[in-house]
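Participant: here are the coordinates; sequence isn't available:
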């Protein structure tokens, strides 16, 4: 009898569980139907942005048609593909992007990767617009702030590249969108923002300091230590997990075995060992000890940092190269620590020299017209890669796709892809006319800075975004050297900060020393989602 009662009880419990699951499914379906039914209304309220967003799909489609199946960058793209096929961390670059490629490996399609990256670029623009509207920016200003993400051909190029830059940028903007979507984010929302920012850091370490910045933002907004601590813990989780994986493979608890070597190459532009006075075991790292044209005694006549890093006659390339993967023999934990010791000594002994070198390169994106151009008909053929690199490039594509994807003859030493006319010609013509001039980028940054300095315009979000943009530009230059590819992810953050200088004053003001009227607080109200130019 007791067994019968137990059976009946279990059957009743199962029925109740099934009913609850059915109710949850019906509620979820109802919410989905409501959301879909509300899309036309959202499109009407934000018609200007929707029109601009739709127009931006056209040049992206042309880029995909013109450069097939994707664009492969130097040896970096082949490293990502090879590591994704064998699922192992890379000693030179963090492999968060490798995991992303590994998840897509069953589809064996570089075209799919490029298409998803273009979609992520569009979603990043949506995130920028949504945050700005939430923070009180008028519709047309918020739309204008998205123009660089939507129409800059340099943005199209990083979306078409098999490279980590676009994914890191998309995760970073997603983290800001989650964080800033509510005035006081809940603990789950804080955790989500932290996880996204931490995931971005294991794709491109440039965003690692931003985990601390977003926690500081919550403290500035008086959101409490629990939320700030939640963001820090969630942001640290992907980083620690990746470093543990890296340590299991290479024995070094680090993101890479390259940070010290990159920083050493940075010091080669200013270091003078007569001033640094390194110990005997570091003398081989001095500029005048490097081979041939690298051994320039005068800093103003020295070559670029990357030329010191990748010249295989320099001190760290003495170990023989084993296996098919090139350019990894130098990146050991011992070499990395040795290079880091020299770099720290050089910076301590010559802080002004280091600051001058970094400042010189940081100024470049603000005064140059750097278009980060798409490849053209003169793109070198695979023969320029050299025998070893050619074998590796073909093996990497074949390991990931299952074949050479029809681009074997087009894998050049800089950018490799198959150009298809007239589409590739159209994009190159577009890039000759549409680009972000350096002085205009400088103006955007200045407007954002002014907005953070004027008390009645300053907001915690503007300070966060402007500072994050600055760090995103400066950090890779301070560690290695300038290339416009490192600047592109900072552009939307700078545009957001500039747009917030024109936000409705009723929203999200930074706490000041005193409110306008003693004993009162700033009026903080949600922003209307109306269309047109009204906040």
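Facilitator: Done, it's in. Remember, it's a predicted structure, so these values are computed and weren't measured experimentally. Numbers count the residues shown, from 1 in each chain.
Participant: so residue 306 sits right up against residue 481, yeah?
Facilitator: Yes: under the criterion of C-beta atoms under 8 Å, residue 306 makes contact with residue 481 at 6.0 Å. Placement of C-beta: from N, CA and C, glycine included.
Participant: and those two? which has more neighbours close in?
Facilitator: residue 481 (23 against 13; other C-beta atoms under 10 Å).
Participant: Please identify every residue contacting each of residue 306 and residue 481.
Facilitator: Counting by C-beta atoms under 8 Å, 6 or more residues apart in numbering, the contacts common to residue 306 and residue 481 are residue 265.
Participant: Just name whatever secondary elements the helix or strand encompassing residue 307 is in contact with.
Facilitator: Using DSSP states H and E, residue 307 maps to helix 305-310. On a contact count with 3 or more C-beta pairs under 8 Å, 6 or more residues apart in numbering; DSSP states H and E, helix 305-310 meets helix 259-267.
Participant: Report the distance from the helix it packs on to the chain centre.
Facilitator: Taking C-alpha atoms, centre = their mean, to the nearest Å, the mean C-alpha location of helix 259-267 is offset from the chain mean by 21 Å.
Participant: The helix or strand following it: which residues count as buried?
Facilitator: Beyond helix 259-267 in the direction of the C-terminus, DSSP H and E gives the next helix or strand as helix 273-276. Neighbour-count burial for helix 273-276 flags 273, 276 (criterion: 16 or more other C-beta atoms under 10 Å).
Participant: same question, stretch 108-116
Facilitator: Under 16+ other C-beta under 10 Å, the buried positions of stretch 108-116 are 109, 110, 113, 114, 115, 116.
Participant: Pull the contacting residues for the residue nearest to residue 320 when sequence neighbours are not counted.
Facilitator: Counting by C-beta to C-beta, 6 or more residues apart in numbering, the nearest residue to residue 320 once its immediate chain neighbours are dropped is residue 329, at 6.8 Å. Applying C-beta under 8 Å, 6+ apart to residue 329 gives the contacts 317, 319, 320, 321, 322.
Participant: Which of the residues you listed fall in helices?
Facilitator: Among the contacts of residue 329, no member falls in helices (criterion: DSSP state H).
Participant: Would you reformat those residues as TSV and include distance to residue 289 and neighbour count?
Facilitator: TSV is the format used below for the contacts of residue 329 (distance: C-beta to C-beta, whole Å; neighbours: other C-beta atoms under 10 Å):
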residue	distance to residue 289	neighbour count
317	14	16
319	18	12
320	21	6
321	22	14
322	26	8
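Participant: Report the separation between residue 341 and residue 281.
Facilitator: Residue 341 is 9 Å from residue 281, where distance means C-beta to C-beta, to the nearest Å.
Participant: what about the two, which has more around it?
Facilitator: residue 341 (17 against 10).
Participant: did I read that right, the more buried one in a helix?
Facilitator: Yes: the assignment for residue 341 (DSSP: H, G, I helix; E, B strand; the rest coil) places it in a helix.
Participant: what's the closest non-adjacent residue to it?
Facilitator: Residue 341 sits nearest to residue 282 (C-beta to C-beta, 6+ apart), 6.4 Å away.
Participant: Stretch 327-335 spans what distance, first to last residue?
Facilitator: 14 Å (C-alpha to C-alpha, to the nearest Å).
Participant: quick one: buried residues of it?
Facilitator: 327, 328, 329, 330, 331, 332, 333, 335.
Participant: Give me the local confidence score for the residue nearest to residue 320.
Facilitator: According to the prediction, residue 329 has pLDDT 88.
Participant: Tell me how many other residues surround the residue nearest to residue 341.
Facilitator: 20.
Participant: and what of residue 376?
Facilitator: 11.
Participant: Could you pull up the mean pLDDT of the host helix or strand of residue 61?
Facilitator: Using DSSP H and E, the element containing residue 61 is helix 47-66. The average pLDDT within helix 47-66 is 97.
Participant: following that helix, which helix or strand shows up next?
Facilitator: Downstream of helix 47-66, the next assigned helix or strand under DSSP H and E is strand 67-73.
Participant: Walking through the stretch 301-450 of the chain, point out its helices one by one.
Facilitator: For the stretch 301-450 of the chain, the helices defined by DSSP state H, counting those that start in this stretch occupy 305-310, 333-349, 351-362, 364-367, 387-401, 423-433, 438-453.
Participant: what helices or strands is the fourth one leaning on?
Facilitator: Taking 3+ C-beta pairs under 8 Å, 6+ apart as contact, the helices and strands that helix 364-367 lies on are helix 438-453.
Participant: ok, 10 Å please
Facilitator: The contact analysis (3 or more C-beta pairs under 10 Å, 6 or more residues apart in numbering; DSSP states H and E) places helix 364-367 against helix 438-453, helix 460-479, helix 484-487.
Participant: among those helices, which is nearest residue 374?
Facilitator: Closest to residue 374 of the helices and strands packed on helix 364-367 is helix 484-487 (C-beta to C-beta; 13.0 Å).
Participant: tell me the angle of the helix or strand just after the closest one relative to helix 438-453?
Facilitator: Going down the chain from helix 484-487, the next helix or strand is helix 490-500, by DSSP H and E. Computed by axes from the mean of the first three to the mean of the last three C-alpha atoms, to 10 degrees, the angle separating helix 490-500 from helix 438-453 equals 50 degrees.
Participant: so where do the helices sit in the stretch 151-300 of the chain?
Facilitator: 153-160, 165-180, 187-201, 208-220, 225-250, 259-267, 273-276.
Participant: Looking at the buried residues of stretch 327-335, which is nearest residue 405?
Facilitator: Out of these, the member with the shortest distance to residue 405 (by C-beta to C-beta) is residue 327, at 22.4 Å.
Participant: so what's the closest one up against?
Facilitator: Contact partners of residue 327, counting by C-beta atoms under 10 Å, 6 or more residues apart in numbering, are 74-76, 79, 91-92, 309-310, 312, 317, 321, 388-389, 392.
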